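Asker: Just the structure for this:
(chains A and B)
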2 protein chains.
Amino acid sequence: MTEQLSPFASRGSTEEVEEGRAFTPKFDANGLVTCVVTDTGSGDVLMVAHMNGEALSKTIKSGEAWYYSRSRNRLWRKGETSGHVQRVVEMRVDCDQDAVWIKVEQAGPGACHTGRRSCFYRAVPIGGNGGGVALEFRDAEKAYDPRAVYGDQKER
Amino acid sequence: MTEQLSPFASRGSTEEVEEGRAFTPKFDANGLVTCVVTDTGSGDVLMVAHMNGEALSKTIKSGEAWYYSRSRNRLWRKGETSGHVQRVVEMRVDCDQDAVWIKVEQAGPGACHTGRRSCFYRAVPIGGNGGGVALEFRDAEKAYDPRAVYGDQKER
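Answerer: Predicted coordinates for the structure are as follows:
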């Protein structure tokens, strides 16, 4: 629970949340909002991550993407290990203010810790039954060697 | 908890999850994965929603977007009230398989229950301190009258 660190205002009515100009993010039970990250050049979704109040605030202040790692339970500046920082060109918030969308300039060869440009390098075929489906690799060529960048670390 | 409805295989090692062809979605404590929805024409993010195993399976089988509404605690076919259905052109899954990205053809004037094309119709200015920030409306013109479509219902 990290919501108490939030510098943001408390939420008003549904009308105020949806039609107002106050930024009143809705953090979930773990104190997080969902963040969708797209590449400002290609428009592709690079990754989906989470922000607590502090990550959101640091991102807004600095113009660089900060996240909260659920697996490592800590604040995380994207690119702190790899140098693959993300400069935020625009941030949007959705109608009920529980998700943000940032358009970024991705520094370096890629956003994904596996070495790809995007984390979404596999397609789920439509029309099957979903069970036992075989994923199809798309745009999945490695843009860099993750072992050379991260070593044994698992930064994302 | 709806994970027990999932028709999907159980997860293997990190290597298998990230580099394999088995679709083994990672549902959260509430049995949900995050779903990012983009417009196949404009590339814009239309909405962020959640899918349980049943919604994911129905989406894959039917090629139309199904979600799980956390506020209404029920399965939900996008457009069931409004007619604003979403035809799935492509589904991608991310490296750790806890998020999917669908590219859709959005039927009707918009995806957002507030009447906009996209749920992300407000920008958060970058460079401020985040607290008390004033949102800026962008691409926020109403594409339809939500009261005429939904009445008092709050479908999203």
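
Asker: Grab the nearest non-local neighbour of the residue positioned nearest the centre of chain A.
Answerer: The centre of chain A sits closest to A:Ala49, judged by CA atoms, centre = their mean, with a distance of 3.1 Å. Excluding the flanking residues, the one nearest A:Ala49 by CB to CB, 6 or more residues apart in numbering or on different chains is A:Tyr67, at 4.3 Å. C-beta coordinates here come from the backbone N, C-alpha and C atoms, glycine included.

Asker: Enumerate every residue touching the one you found.
Answerer: Neighbour list for A:Tyr67: A:Cys35, A:Ala49, A:His50, A:Met51, A:Ala55, A:Leu75, A:Trp76, A:Lys78 [criterion: CB atoms under 8 Å, 6 or more residues apart in numbering or on different chains].

Asker: Run through the bridge partners of it.
Answerer: A:Trp76 (DSSP bridges).

Asker: what about A:Val36, which SS state?
Answerer: Each residue gets one of three states, and A:Val36 gets strand by DSSP: H, G, I helix; E, B strand; the rest coil.

Asker: That one contacts B:Met47, correct?
Answerer: No. If you go by CB atoms under 8 Å, A:Val36 and B:Met47 don't touch, sitting 10.0 Å apart.

Asker: Determine the number of other residues adjacent to A:Thr59.
Answerer: 25 (other CB atoms under 10 Å in any protein chain shown).

Asker: who are the neighbours in contact with it?
Answerer: A:Met51, A:Ala65, A:Trp66, A:Val88, A:Met91, A:Ile102.

Asker: Which of the residues you listed fall within helices?
Answerer: Of the contacts of A:Thr59, none are assigned to helices by DSSP state H.

Asker: okay if I get the contacts of A:Tyr67 as JSON lines plus distance to B:Arg122 and pLDDT?
Answerer: Shown next, in JSON lines, are the contacts of A:Tyr67 (distance: CB to CB, whole Å; pLDDT from 0 to 100):
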{"residue": "A:Cys35", "distance to B:Arg122": "15", "pLDDT": "98"}
{"residue": "A:Ala49", "distance to B:Arg122": "20", "pLDDT": "98"}
{"residue": "A:His50", "distance to B:Arg122": "20", "pLDDT": "98"}
{"residue": "A:Met51", "distance to B:Arg122": "17", "pLDDT": "98"}
{"residue": "A:Ala55", "distance to B:Arg122": "19", "pLDDT": "97"}
{"residue": "A:Leu75", "distance to B:Arg122": "25", "pLDDT": "97"}
{"residue": "A:Trp76", "distance to B:Arg122": "26", "pLDDT": "95"}
{"residue": "A:Lys78", "distance to B:Arg122": "23", "pLDDT": "97"}
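
Asker: which of those residues tops the neighbour count?
Answerer: A:Met51 (28 neighbours).

Asker: Next one: that one from B:Arg92, what distance?
Answerer: From A:Met51 across to B:Arg92, the span is 22 Å (CB to CB, to the nearest Å).

Asker: can you check A:Gly12 too?
Answerer: 36 Å.

Asker: what about these two, which has more around it?
Answerer: B:Arg92 (23 against 11).

Asker: Give the full set of residues in contact with the more buried one.
Answerer: Per CB under 8 Å, 6+ apart, neighbours of B:Arg92: A:Val45, A:Phe120, A:Tyr121, A:Arg122, A:Ala123, A:Val124, A:Arg138, B:Val100, B:Trp101, B:Ile102.

Asker: how about a cut-off of 7 Å?
Answerer: A:Phe120, A:Arg122, A:Ala123, B:Val100, B:Trp101 (CB atoms under 7 Å, 6 or more residues apart in numbering or on different chains).

Asker: Next, the residue lying closest to it once chain neighbours are set aside: secondary structure please.
Answerer: Once flanking residues are discounted, B:Arg92 sits nearest to A:Phe120: 3.9 Å by CB to CB, 6+ apart. Following three-state DSSP, A:Phe120 is assigned to coil.
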